[in-house]
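**Q** next one to model:
(one chain, ligands or ions: 1)
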Amino acid sequence: MAVIINGKAVAEKICTELKQKISTMDKKPHLTVIQVGNNTASSIYVNLKKKKAEELGIKSTIINFEEKITEENLIKEITKLNNDNQVHAILVQLPLPKHICTNSIIKAISPLKDVDGFTVQNSGDLLNGAVPNAYPCTPKGIIRLLEEYNIEISGKHAVVVGRSNIVGKPIAIMLLNKNATVTVCHSKTTNLEEITRQADILISAVGKKIIFKDMVKPNATVIDVGIFKDENGKTTGDVDFENVKEIVGYITPVPKGVGPMTIACLMENTVELFEHQ
Ligand code: GUN
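**A** You can find the predicted model right below:
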């Protein structure tokens with residue numbers, strides 16, 4: 001049976017260290033989270049972020065705009081935050097309503113306050129192998145888990161399922177920068193199981209049950225980024241955990257796997273941006 005990767009414990013360790021560090025600071029870091037509309041999942045995530053920030057001594061503000069705010073006005077609000085020297089980190093919770101162009105909004109965020117690492121400057125630095133102001137939180141958390149469990153990346157075949165700008169693309173680049181051989185699969189991939197069976201490190205970030213036991217290689221590492229409710233209302237991930245864990249070497253559970261690491265890395269990014277400014 002696989003080693004169950006304890007994301008919750010690693011995240012708690014990161015947060016304990018951050019809390020200690022923040023307690024020695026005269027001035028505290030300030031994270032501002034923008035939510036547009038009231039998507040239920042987004043509200044849960046935004047509140048979790050605020051709660052964790054407060055626990056660690058990070059000042060946090062949630063700004064909630066109504067669903068029908070225009071792109072122009074949202075950009076104006078972000079510009080105000082860029083110019084406010086009491087705000088050190090800005091996060092615009094995604095997804096945004098359809099009438100707003102996500103890329104235009106991300107472009108409006110100052111790269112120095114871009115706590116997600118999504119701006120053109122920070123994602124460009126990532127692509128170029130330079131150090132961005134912040135690494136995207138979920139990919140950063142995944143790399144941290146692999147390192148914490150001494151899972152070799154260099155020379156390994158990493159297969160990423162999902163090509164989102166939030167997880168799939170940046171984790172693929174980060175693994176490539178660490179000398180993995182990387183394959184990215186997505187909804188149009190025709191021979192998914194043939195490819196996933198070759199993975200030494202399999203990362204699934206899809207949001208539906210998609211990875212089953214006949215799709216994994218014995219002793220592989222499986223990282224499950226998916227989180228959603230199944231038909232019985234139980235929180236679950238992309239991977240058929242109970243069956244896959246009998247075959248692979250390491251696996252993350254859902255919940256208590258990648259999720260807490262995303263929040264811990266968001267807190268770490270906030271502190272790092274603050275220290276930069
Ligand atoms: N929505 C889901 N995950 C994320 C994330 O990491 N950052 C932002 N801004 N929105 C998200």
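**Q** any regions of this protein where pLDDT drops low?
**A** Scanning the chain for pLDDT under 70 picks out no residues.
**Q** who in it is up against the ligand?
**A** Residues of the chain lying near the ligand by Cβ under 6 Å from any ligand atom: 91-94, 116, 137-138, 166. (C-beta placed from N, C-alpha, C; glycine too.)
**Q** of those residues, just the buried ones, PyMOL syntax please.
**A** In PyMOL, this line selects whichever of the residues of the chain next to the ligand come out buried by 16 or more other Cβ atoms under 10 Å:
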select buried, resi 91+92+93+94+116+137+138+166
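**Q** the residues of the chain next to the ligand in strands, which ones?
**A** Among those, the members falling in strands (DSSP state E) are 91-92.
**Q** ok, the closest residue to the ligand within the stretch 51-200 of the chain to Ile105 distance?
**A** As assessed by Cβ to the nearest ligand atom, the ligand sits closest to Leu94 within the stretch 51-200 of the chain, at 3.7 Å. Per Cβ to Cβ, to the nearest Å, Leu94 is found 9 Å from Ile105.
**Q** do the same with Thr24
**A** Distance, Thr24 to Ile105, using Cβ to Cβ: 35 Å.
**Q** out of these two, which sits in the busier spot?
**A** Between Thr24 and Ile105, counting by other Cβ atoms under 10 Å, Ile105 is the more crowded of the two (19 against 6).
**Q** ok so that one is a helix residue?
**A** Yes: Ile105 forms part of a helix when assessed by DSSP: H, G, I helix; E, B strand; the rest coil.
**Q** still on that earlier bit, which two among the residues of the chain next to the ligand are spaced furthest apart?
**A** Val92 and Thr138 (15.6 Å; Cβ to Cβ).
**Q** so where do the helices sit in the stretch 51-200 of the chain?
**A** Along the stretch 51-200 of the chain, the stretches classed as helices by DSSP state H, counting those that start in this stretch are 71-83, 102-108, 120-128, 137-148, 168-177, 192-196.
**Q** dump those helices into JSON lines; add distance to Lys52 as well.
**A** Listed next are those as JSON lines, based on distance: least, Cβ to Cβ, whole Å:
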{"stretch": "helix 71-83", "distance to Lys52": "20"}
{"stretch": "helix 102-108", "distance to Lys52": "23"}
{"stretch": "helix 120-128", "distance to Lys52": "22"}
{"stretch": "helix 137-148", "distance to Lys52": "12"}
{"stretch": "helix 168-177", "distance to Lys52": "21"}
{"stretch": "helix 192-196", "distance to Lys52": "33"}
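**Q** those helices: which one's closest to Val225?
**A** helix 137-148 (6.2 Å).
**Q** what comes into contact with the closest one?
**A** Residues from elsewhere that reach helix 137-148 (Cβ atoms under 8 Å, 6 or more residues apart in numbering): 5, 7, 10-11, 14, 115-117, 153, 166-167, 170-171, 174-175, 178, 201, 203, 205, 221, 223, 225, 252, 258, 261-266, 268-269.
**Q** buried residues in it?
**A** Within helix 137-148, the residues scored as buried using 16+ other Cβ under 10 Å are 137-146, 148.
**Q** quick check, distance from it to the centre of its chain.
**A** Chain-centre distance of helix 137-148: 9 Å, with Cα atoms, centre = their mean, to the nearest Å.
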